[in-house]
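Q: what's the 3D shape of this:
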Amino acid sequence: MSYRYATERTDHSALASGQVLRSAPGFPGFPVRLASELLQRAMVHLGHERARLWDPCCGSGYLVTVLGLLHRDLLVHVRASDVDPDAVAIAARNLELLTAEGLAERERELRRSALDFGRVAYVERAEAARDLAAGLAVTGGDLPHESAVADVFALAEPVDADLVVTDVPYGEMTRWEGDIPQDPVHGLLSSMGRVLPERSVVVLTARTRRVQLPEGVRALERVKVGNRSAVLVRARDLTGI
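A: Residues are numbered from 1 along each chain as shown. Predicted coordinates for the structure are as follows:
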């Protein structure tokens, strides 16, 4: 099995935060091409044709919604969770864009805004929502999804996910919340080791030169692009850290 990493200069302007996807102050987006590449790299390590995706620090749900729209053919389910109920409320609305009806409603909403405010930009966004719906239909149709309020450091029940892709808080627009351990990244990885199937792959990204792993945890792969670093690890290697 192989995947062609998304390094081509495809126009992803429709996926910019605040265009079709909903945004709010304090909830940043994520580089689309990097998100796509990280998912494809993780799929190679996973060895599955299709996967269940989870973001346990989802914020507005931007990252997993973008991945669902870009890679509907690789995903069978998307889960988003966060300790902040306001964030999860936005994420739930963005995840609805992984369905034909959700995108149709977003198109109608944007066309109403175009009439109310007389701005061509809203018409362009509405047409982008229509195009995303057409693409979703071609690549597999509605993508099942769920969202939940959950403290990533206090997870106890198993989570049926093959892939975790999450961008951790970096102290500017975003910050850690919940029962925060002394080393939040260590605590997040430990939690993943408790609740994920052993063969799951965890992709952790951060605005740092290098994501530091707990002693004894081997990186499957590391990626550095601009001011973001990412590390891919196997869930079974996180057990007991």
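
Q: okay, and for this protein, where does confidence drop off?
A: Filtered on pLDDT under 70, the chain yields the residue ranges 1-9, 171-174.

Q: ranges for the helices of it?
A: Along the chain, counting by DSSP state H, helices occupy 32-46, 62-70, 85-95, 100-117, 120-139, 184-195.

Q: TSV for these, including mean neighbour count and distance to residue 146?
A: Backbone N, C-alpha and C define where each C-beta goes, glycine included. Below are the helices of the chain laid out as TSV (neighbours: other Cβ atoms under 10 Å; distance: least, Cβ to Cβ, whole Å):
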stretch	mean neighbour count	distance to residue 146
helix 32-46	20	19
helix 62-70	26	11
helix 85-95	20	8
helix 100-117	16	14
helix 120-139	16	18
helix 184-195	20	15
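
Q: dump those helices into JSON lines; add distance to residue 55 as well.
A: Shown next, in JSON lines, are the helices of the chain (distance: least, Cβ to Cβ, whole Å):
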{"stretch": "helix 32-46", "distance to residue 55": "10"}
{"stretch": "helix 62-70", "distance to residue 55": "4"}
{"stretch": "helix 85-95", "distance to residue 55": "8"}
{"stretch": "helix 100-117", "distance to residue 55": "18"}
{"stretch": "helix 120-139", "distance to residue 55": "19"}
{"stretch": "helix 184-195", "distance to residue 55": "12"}
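
Q: out of these, which gets nearest to residue 10?
A: If you check each of those against residue 10 by Cβ to Cβ, helix 32-46 wins as the nearest, at 7.7 Å.

Q: elements contacting that closest one?
A: If contacts are counted by 3 or more Cβ pairs under 8 Å, 6 or more residues apart in numbering; DSSP states H and E, helix 32-46 sits against helix 62-70, strand 163-167, strand 201-206, strand 221-225, strand 228-234.

Q: re the thing from before, residue 228: which of the helices of the chain is closest?
A: With Cβ to Cβ as the yardstick, what comes closest out of the helices of the chain is helix 32-46 (6.7 Å).

Q: now do that closest one: distance to the chain's middle.
A: Distance, stretch centre to chain centre, for helix 32-46: 11 Å (Cα atoms, centre = their mean, to the nearest Å).
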